[in-house]
Each structure stands twice: as C-alpha cells, then as structure tokens.
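**Student:** Sequence first, then the predicted structure, then my questions.
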Amino acid sequence: MTPTVSPAPSARSPDLVENGNFENGVVCPWQSNACNLAVVSGAMSVTERTQTWAGPRLDVTNKIEVGSSYYFQAEVRFPDADVDNSIGVKLKVDYIDSSLNPSYFSVAESYVVPNNQIFSLTGEFDMDASKLRSLDVKSIELYFQTPSRNGQSPTWDFEVDNISMINDGSSNA
Ligand SMILES: [Ca+2]
C-alpha cells in the first residue's frame, strides 16, 4: 500500500457562525422567520412556528467561499414532539440578477431526531461553482426548518445550541 501523506494541520478556520452557543443570553444576529426566538437555558428556543420552513436564519453572505467545503454541526432538541422528528439545515443563495431564482442547498438533515433528547446534527457541504446559477451572489442565508416526512408537515417547537460551520478546505481535494 502506498502511504498517504496527510497535509500539515493548518490553523483552525474561524467559525463562520456568529453566536452559535447563545451563552450571552441573546439570539442576535440570528433572525426569526415566521416564528419566535428566545434564549432559554443557554440554547435558542424556536416556538410559534406555523410552517415547516419557519425557524431561525443567519446571514452568512461573504462567509461562504466558492470552491470550499464546509463542516456543519449543531445540537438539536425537540422538547415535546413526535417519536421521530425531522430537522434540516439549508443555505439559500440569492443572486444579483433578479431574474435568477434563488438556489437552495442542503447542509445537514435528519429524520430521526428523538423526542426530548439532545441530538447531534452534522453535515458536510461543498460550495462548488457548478451548483450556482451565477457567481454574482447577492446574499447567502443559513436556516433551520423541519422538512415534511410521511405526508406530515410538522411545526413542533425545537431548540438549537452549539451551532458551528467551519471551512474544511478546498472542495476539490
Ligand atoms: Ca449554549
């Protein structure tokens, strides 16, 4: 076997998620999208959801680089929901050319988040130029939702904590 050479460890990339642990007691700069956000016991509590897409969102414009891959993680809990629950984290890309529809990319997803347990949600995402409709990007938003499953469209309350997204290097590696 040919030994593989590991690249020298580079300086740890800064986390592009601002205020991912809510230890300061506020949700800012996270914003609510058709829901209510509050910090409860050091986590972001998401309540009053009326749509599966309702949840917290974060502006990450200029933090996601084309050609890079990203490692995402967060802790999620549904305090009082179904036996298995769905959670999805996506990126929405809007373009300067308003004739182009936004692009939506899945960053992390699970359909087996147990009720009332802290669940570690992880995912990897490559921001390849070929996925984009244009390189003239206006804005990029990271957001949480609860995808429909088995014909159900859940809008349960949930909690999120320790949200992190780190540039993992070149997506062509
Ligand atoms: Ca916390």
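**Tutor:** Happy to help now that I have it.
**Student:** Show me which residues of stretch 32-46 are buried.
**Tutor:** By neighbour count with 16 or more other CB atoms under 10 Å, stretch 32-46 contains the buried residues 32-33, 35, 37, 39, 43-46. For the C-beta atoms, the positions are set from N, CA and C on the backbone; glycine is no exception.
**Student:** Among those residues, which one lies nearest to the ion?
**Tutor:** Nearest to the ion out of these is Ala43 (CB to the ion; 5.2 Å).
**Student:** Report the beta-bridge partners for the residue lying closest to that closest one once chain neighbours are set aside.
**Tutor:** Once flanking residues are discounted, Ala43 sits nearest to Asp161: 3.8 Å by CB to CB, 6 or more residues apart in numbering. Judged by DSSP bridges, the bridge partners of Asp161 are Glu75.
**Student:** Same check on the one 5 residues further on?
**Tutor:** Under the criterion DSSP bridges, Ile166 forms beta bridges with Tyr71.
**Student:** Verify the contact between it and Gly20 for me.
**Tutor:** No. Counting by CB atoms under 8 Å, Ile166 does not reach Gly20; the two are 10.7 Å apart.
**Student:** Residues of this protein that sit close to the ion?
**Tutor:** Counting by CB under 5 Å from the ion, the chain comes close to the ion at 21-22, 42, 161.
**Student:** Would you mind checking those residues for buried ones?
**Tutor:** Among these, those scoring as buried are 22, 161 (criterion: 16+ other CB under 10 Å).
**Student:** Pipe the residues of the chain next to the ion into CSV and attach pLDDT and distance to Ser139 per row.
**Tutor:** Converted to CSV, those look like this (pLDDT from 0 to 100; distance: CB to CB, whole Å):
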residue, pLDDT, distance to Ser139
Asn21, 97, 24
Phe22, 98, 23
Gly42, 97, 29
Asp161, 98, 25
